[in-house]
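Peer 1: The sequence and its predicted three-dimensional model are supplied below.
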Amino acid sequence: MNTPLAPGSLSGSRVLVTGSSRGIGADTVSYFAEAGARVVINFRNKEARALKLVAKLQESGAEAIAIGADLTDPDSVGSMVEQIRGAYGELDILVLNASGGMESGMSEDYAMKLNRDAQVDFLAAMMPLLHRGSRIVFVTSHQAHFIKTVETMPEYLPVALSKRAGEDALRDLIPTLDEAGIEFVVVSGDMIEGTITATLLQRANPGAIEARKEAAGRLYNVSEFAAEVAAAAVEPVPDNHTRYVGDVSDFQGA
């Protein structure tokens, strides 16, 4: 799936993808822009990279802005809300892509703070910008989604536990979102080749990527998985609010 969205299919739509200055987020936001959406590129500290992406999208005729915000900082998020309101008014699609927990130098509770607490608080802050018909997409991994039944690598465990906690907390909000006419879907994928997380895991546990690739049959790359995330924003939401990317038989059969 290299072109998940038809050209012009999102003309007039307003989209925010968190953590979108690079990697999966950058490719996802680019797919939206190519389909005609007005996009917000969010970054925490990679401003130059975000502005470079904005320039690239604008050169191709897209409407794009970059807004810096640390999802764990309420004041930063509040400023972001006001900037989006001033630029676009509302949001039609919100992709919760930003995550972390394997960075060096962070506090012991950073993974839970970012992947659970900040996700819930961020959505609460964004709610005034959403409307009936808006779609929220939460991006996670199979290793996190299935962590309650399938063990993962020790190096990834804090991230997996916190990502699942964040997913659960967001799922608890589905009745409220349904009342407001806002759709919610989780996109779960295996290890993604070319991501920072995969690189860090490979460094901490040499052979991890090869082992996972053998077990899964194949691993998606960044652009392939980003295409699935973009498609999840427009295709019908599954009954269980979960879109699995790739084979999950070894996770579901555990």
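Peer 2: Cool, got the structure.
Peer 1: Going by C-alpha atoms from here, please, whenever you check contacts or count neighbours.
Peer 2: OK.
Peer 1: Do me a favour and get the end-to-end distance for stretch 112-124?
Peer 2: End-to-end span of stretch 112-124 (Cα to Cα, to the nearest Å): 17 Å.
Peer 1: So what touches it?
Peer 2: Contacts to stretch 112-124, defined as Cα atoms under 8 Å, 6 or more residues apart in numbering, come from residues 71-72, 77, 96, 99-101, 158-159, 161-163, 165-167, 169-170.
Peer 1: tell me which residues of it are tucked away?
Peer 2: Within stretch 112-124, the residues scored as buried using 16 or more other Cα atoms under 10 Å are M112, K113, L114, N115, R116, D117, A118, Q119, V120, D121, F122, L123.
Peer 1: what's the answer for stretch 81-99, then?
Peer 2: Applying 16+ other Cα under 10 Å to stretch 81-99 flags 81, 84, 88, 90-99 as buried.
Peer 1: Out of those residues, list just those in strands.
Peer 2: Under the assignment DSSP state E, the buried residues of stretch 81-99 contribute I93, L94, V95, L96 to strands.
Peer 1: Pull the most distant pair out of the buried residues of stretch 81-99.
Peer 2: With distances taken as Cα to Cα, the most widely separated pair in those is Y88 and S99, at 24.7 Å.
Peer 1: At which residues are the strands of this protein located?
Peer 2: Secondary structure of the chain (DSSP E): strands at 14-17, 38-43, 63-68, 93-96, 135-141, 183-189, 242-245.
Peer 1: Of all the ones you listed, which one is nearest G25?
Peer 2: The nearest among the strands of the chain, by Cα to Cα, is strand 14-17 at 6.4 Å.
Peer 1: So H145 sits against G166, correct?
Peer 2: No. Assessed by Cα atoms under 8 Å, H145 is found out of contact with G166, at 10.1 Å.
Peer 1: All the helices of this structure, in order from the start?
Peer 2: Remark: helices assigned in the chain by DSSP state H are 23-34, 47-59, 74-88, 110-112, 118-126, 142-145, 157-171, 174-180, 196-204, 208-216, 222-232, 249-252.
Peer 1: Quick one: closest of these to P4.
Peer 2: So among the helices of the chain, helix 222-232 is nearest, using Cα to Cα, at 5.5 Å.
Peer 1: so what's the most centrally placed residue in the chain up against?
Peer 2: Nearest to the centroid of the C-alpha atoms of the chain, with distances taken as Cα atoms, centre = their mean, sits N97, at 1.7 Å. By Cα under 8 Å, 6+ apart, the residues touching N97 are V17, T18, G19, S20, G25, F138, V139, T140.
Peer 1: tell me the angle of the one helix or strand in the chain whose mean pLDDT sits lowest relative to helix 157-171?
Peer 2: Least confident helix or strand, the chain: helix 196-204 with a mean of 74, by mean pLDDT, DSSP states H and E. When axes from the mean of the first three to the mean of the last three Cα atoms, to 10 degrees is applied, the directions of helix 196-204 and helix 157-171 differ by 160 degrees.
Peer 1: Mind giving me the PyMOL select for the contacts of stretch 112-124, buried ones only?
Peer 2: Buried members of those, defined by 16+ other Cα under 10 Å, are picked up in PyMOL with:
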select buried, resi 71+72+77+96+99+100+101+158+159+161+162+163+165+166+167+170
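Peer 1: mind giving me CSV with the buried residues of stretch 112-124 and columns for distance to G36 and pLDDT?
Peer 2: Below are those laid out as CSV (distance: Cα to Cα, whole Å; pLDDT from 0 to 100):
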residue, distance to G36, pLDDT
M112, 35, 95
K113, 34, 95
L114, 31, 95
N115, 30, 96
R116, 31, 97
D117, 32, 97
A118, 29, 97
Q119, 27, 98
V120, 29, 98
D121, 29, 98
F122, 25, 98
L123, 24, 98
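Peer 1: And the furthest pair within those?
Peer 2: Farthest pair in the buried residues of stretch 112-124 (Cα to Cα) is M112 and L123. Separation: 15.8 Å.
Peer 1: Tell me who's in contact with the nearest residue to D92 once chain neighbours are set aside.
Peer 2: Spatial nearest neighbour of D92, chain neighbours left out: S134 (4.5 Å); criterion: Cα to Cα, 6 or more residues apart in numbering. Going by Cα under 8 Å, 6+ apart, S134 touches L91, D92, I93, L94, G181, I182, E183.
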